[in-house]
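A.B. asks: Predicted model follows, preceded by the sequence.
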Amino acid sequence: MGTGAWFREARSLRALRGGLARRFLLKLKRATHRCPAELIVPSARRVLVVAPHMDDEVIPCGGTLILLRENGAEIHVVFATDSSADAGLSLTGIRRKEARRVSERLGFVSTELGFPDGQLHRNEDALAKRLAEQLRRIEPELIFCPFPADAHSDHMSCAAAVASAALDASSEATILAYEVWTPLWPNVVVDISSVAERKEEAIRLYESQVEDRDYASAAIGLNRFRGLPHSVAFAEAFYRASAANFARLTRLLDEI
């Protein structure tokens, strides 16, 4: 496929998925908007973080992961894509080094699956199979992944793959779905006030990403907003679900 045709297809897919995400959120709101989010203190011995791209492990949930690590949890991060789409393959090496720095700084164990950035919609089945292998190997008690309606094609596909993998692996883990590009209707939040500064520092280790867009300030600003209803300085918001309920949520995207 020529470059022009590829970009036209990508734009069309993003527009379609964006429309589906908005309708999905409206449908979901009927079930959640009356329920205030619960302030929780998560705990686990083993945690799996499924990140579509290198930096999606810290922007949406870095504070919660730092807290879990401080309490002795093993944090396993799986990067689904090679993170190359923004500037071609030349950026892959840079982002890999940045991700390694973050993992070393925070005490995470990271794995790269290497699917093409921007192409997870073409590789959902293969991604689900690889994630099921990770679930069987790690046996996590908590899984962090994108919310199904997060308005980015790779993020939506990642959520769908996690849902399929969790069922395939008969995982009993609790899923905490995070927000990156689309604010979600959370049912739980985590107070990250004590580690917000460390989270911001970790995001800024992705120098190639924050040099033209200040993801760190944006993420911390959202965390400040999320903390307001709970009278805490900073909070991260999630949609908590069992594997079965998360699978039902992802299927809604195919129904609307």
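C.D. replies: Received, thanks. Numbering: from 1, shown residues only.
A.B. asks: need the next SSE after the helix or strand bottoming out on mean pLDDT in the chain, C-terminal direction.
C.D. replies: Ranked by mean pLDDT, DSSP states H and E, the weakest helix or strand in the chain is helix 3-32, scoring a mean of 57. As assigned by DSSP states H and E, the chain's next helix or strand after helix 3-32 is strand 38-40.
A.B. asks: Contacts for that next one, please.
C.D. replies: Contacting residues not belonging to strand 38-40 are listed as 187-191, 230, 232, 235, 240 [C-beta atoms under 8 Å, 6 or more residues apart in numbering]. C-beta here means a position set from N, CA and C on the backbone, and glycine is covered the same way.
A.B. asks: In the residues you listed, find the pair that's most separated.
C.D. replies: Farthest pair in these (C-beta to C-beta) is Val232 and Arg240. Separation: 17.9 Å.
A.B. asks: among the contacts of strand 38-40, who's most crowded?
C.D. replies: Each of the contacts of strand 38-40 was scored for neighbours by other C-beta atoms under 10 Å, and Ala235 scores highest at 28 neighbours.
A.B. asks: does it really touch Val188, like I thought?
C.D. replies: No - taking contacts as C-beta atoms under 8 Å, Ala235 lies outside contact range of Val188: 9.8 Å.
A.B. asks: Strands of the protein, residue ranges please.
C.D. replies: 38-40, 46-51, 74-81, 109-115, 142-146, 174-178, 188-191, 235-241 (DSSP state E).
A.B. asks: Show me the one of those strands that comes nearest Leu222.
C.D. replies: Judged by C-beta to C-beta, the one of the strands of the chain that comes nearest to Leu222 is strand 235-241, at 8.2 Å.
A.B. asks: how many degrees apart are that closest one and strand 142-146 in direction?
C.D. replies: Relative orientation of strand 235-241 and strand 142-146, computed by axes from the mean of the first three to the mean of the last three C-alpha atoms, to 10 degrees: 100 degrees.
A.B. asks: So for strand 235-241, mean pLDDT?
C.D. replies: Computed over strand 235-241, the mean pLDDT rounds to 98.
A.B. asks: So, low pLDDT: which residues of this protein?
C.D. replies: Applying pLDDT under 70 to the chain flags residues 1-35, 85-90, 256.
A.B. asks: ok, 50 please
C.D. replies: 1-7 (pLDDT under 50).
A.B. asks: and which of the contacts of strand 38-40 is nearest to Leu176?
C.D. replies: Arg240 (5.6 Å).
A.B. asks: Tell me the spacing between that closest one and Arg224.
C.D. replies: Applying C-beta to C-beta, to the nearest Å, the value for Arg240 to Arg224 is 22 Å.
A.B. asks: can you redo the contacts of strand 38-40 as TSV with distance to Val210?
C.D. replies: Formatted as TSV, the contacts of strand 38-40 follow (distance: C-beta to C-beta, whole Å):
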residue	distance to Val210
Asn187	30
Val188	28
Val189	25
Val190	23
Asp191	25
His230	27
Val232	25
Ala235	22
Arg240	29
